[in-house]
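Participant: fold the following for me, if possible:
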Amino acid sequence: MKLRVGVIGLGEAWENRHRPALRTLADKFEVRAVCDPISHRAEQAAREFGVKAVDGFRAVAQRDDVDALLILSEQWYGSLPVLAACEYGKAVYCAVSLQMTLDEATLLRHRVEQAGIAFMAEFPRRHAPATVRLKELIATRLGQPRLLFCHKRTPVHEKATARAKMLPKADDHRDLIELVDWCRYVVGTEPTSVFGLSHFVQPTGTESDYRMMSLDFSKDQELGNGVVAQISSGYYIPQCWEEAVSYRPPAALQAACENGIAFIDLPANLVWFDRAGRHQESLEHERPVGEQLLSQFHRSVTSLVRQVSGLEDAYRAVQIVLAAQQSQSEGKRVFLQ
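Facilitator: So this is what the prediction gives:
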């Protein structure tokens, strides 16, 4: 069964992940409409799939020939396309980290559940070949994680106008949401407390060039007796410093386990050490993440059992990141419920 989809927003991963996956999975997906605020991009993508560009996400959601929405870019509309999908009964593939308060996240979860639609949040780090292999090693060779170090370093433009657009505001936490989910997935349990810290760019003090949080997975509020994950996101290297950007980039994820240690470079490189020494694996031959995720979405929509893969995970990640923001403002660790 082909799933008729409307594409809303052509995000950063369109060229490398979503467009190739839709091409490869042409037996499962049929693009019927494309919407993007940049009209010439929407028209170009629409022509490639033999359809017309549509003006506005609501116009896509209300079409009778669209079964599901692929929300691939935040742009300005945030969670509004998801709410439109709920209104018109369309399944949702959400590839963005939605910016919202906890009350807004609670409302969104309620609306999705009330509408009874299939919903899938895209967490590509979970399904990356290197992550899948790490989970196998944790179960067989490395043992349970003790410490996780997760980092994302993003170059920024030198000019002030561009820098202002790329640096995250104090309440911008989209990067951290996916990193938090990644650590939760690798550990396999829920954190019990979080401590957050940001470095703000002067003189405004409203933009941050480095954000960090420490997740403690200890039970019964006994700090330091369980897994600890340190997560950081940095925007402190100007893009013009090309050599600095590429110099000794930290591993996307470093996992110190009971019987060894592993280093992940996304999407498919994994180096791990145990008593036998060093082991290096390149998993480039694995099926691309975009194809895996869209195939999973197709199964969830066409299944007789309603699925909301990732909805609770996305909600929980938002809760944790907002708790880290609370920790930042109060200057103390916040315990999670």
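Participant: which element is residue 32 on?
Facilitator: strand 29-35 (DSSP states H and E).
Participant: buried ones in the next helix or strand after that strand?
Facilitator: Counting by DSSP H and E, the next helix or strand C-terminal to strand 29-35 is helix 39-48. By neighbour count on 16 or more other Cβ atoms under 10 Å, the buried set for helix 39-48 is 42, 45-46. C-beta coordinates here come from the backbone N, C-alpha and C atoms, glycine included.
Participant: could I get the residues you listed as CSV with distance to residue 336?
Facilitator: As requested, the buried residues of helix 39-48 are arranged in CSV below (distance: Cβ to Cβ, whole Å):
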residue, distance to residue 336
42, 41
45, 41
46, 44
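Participant: can you list the helices and strands that the longest helix seen in the chain packs against?
Facilitator: For the chain, the helix reaching the highest residue count under DSSP state H is reported as helix 311-330. If you count contacts as 3 or more Cβ pairs under 8 Å, 6 or more residues apart in numbering; DSSP states H and E, helix 311-330 packs onto helix 102-115, strand 119-121, helix 174-187, strand 193-200, strand 208-216, strand 334-335.
Participant: what lies in contact with the first one?
Facilitator: Spelled out, it's helix 102-115. 79, 82-83, 85-87, 89, 92, 98, 100, 119, 308, 311-312, 315, 318-319, 322 (Cβ atoms under 8 Å, 6 or more residues apart in numbering).
Participant: run the angle between that helix and helix 311-330 for me.
Facilitator: Here the directions of helix 102-115 and helix 311-330 differ by 170 degrees (axes from the mean of the first three to the mean of the last three Cα atoms, to 10 degrees).
Participant: who touches the strand holding residue 32?
Facilitator: 2-10, 22, 42, 45-46, 49, 51-57, 59-60, 63, 65-66, 294, 298.
Participant: mind listing what's buried along the longest helix of the chain?
Facilitator: 311, 313-325, 327-328.
Participant: ok, so of those, who is nearest residue 140?
Facilitator: residue 313 (24.6 Å; Cβ to Cβ).
Participant: now that closest one, nearest residue through space, not along the chain?
Facilitator: residue 181 (5.6 Å; Cβ to Cβ, 6 or more residues apart in numbering).
Participant: number of nearby residues for residue 213?
Facilitator: Using other Cβ atoms under 10 Å, residue 213 is surrounded by 28 other residues.
Participant: what sits against it?
Facilitator: Counting by Cβ under 8 Å, 6+ apart, residue 213 touches 176, 180, 194-197, 230-232, 321, 324, 327.
Participant: out of those, show me where the pLDDT dips lowest.
Facilitator: Scanning the contacts of residue 213 for pLDDT, the smallest score is found at residue 176, 87.
Participant: count of residues packed around that residue?
Facilitator: Residue 176 has 26 neighbours, counted by other Cβ under 10 Å.
Participant: measure the closest residue in space to it that isn't next to it in sequence to residue 197 for me?
Facilitator: Computed as Cβ to Cβ, 6+ apart, the closest residue to residue 176 that is not its neighbour in sequence is residue 321, at 4.9 Å. According to Cβ to Cβ, to the nearest Å, residue 321 and residue 197 sit 13 Å apart.
Participant: same check, this time on residue 230
Facilitator: In terms of Cβ to Cβ, residue 230 sits 11 Å off from residue 197.
Participant: can you show me the strands along the stretch 1-150 of the chain?
Facilitator: For the stretch 1-150 of the chain, the strands defined by DSSP state E, counting those that start in this stretch occupy 3-8, 29-35, 68-71, 91-94, 119-121, 145-153.
Participant: can you redo these as a markdown table with mean pLDDT and distance to residue 219?
Facilitator: Formatted as a markdown table, those follow (pLDDT from 0 to 100; distance: least, Cβ to Cβ, whole Å):
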| stretch | mean pLDDT | distance to residue 219 |
| --- | --- | --- |
| strand 3-8 | 96 | 41 |
| strand 29-35 | 96 | 43 |
| strand 68-71 | 96 | 37 |
| strand 91-94 | 94 | 32 |
| strand 119-121 | 91 | 27 |
| strand 145-153 | 92 | 15 |
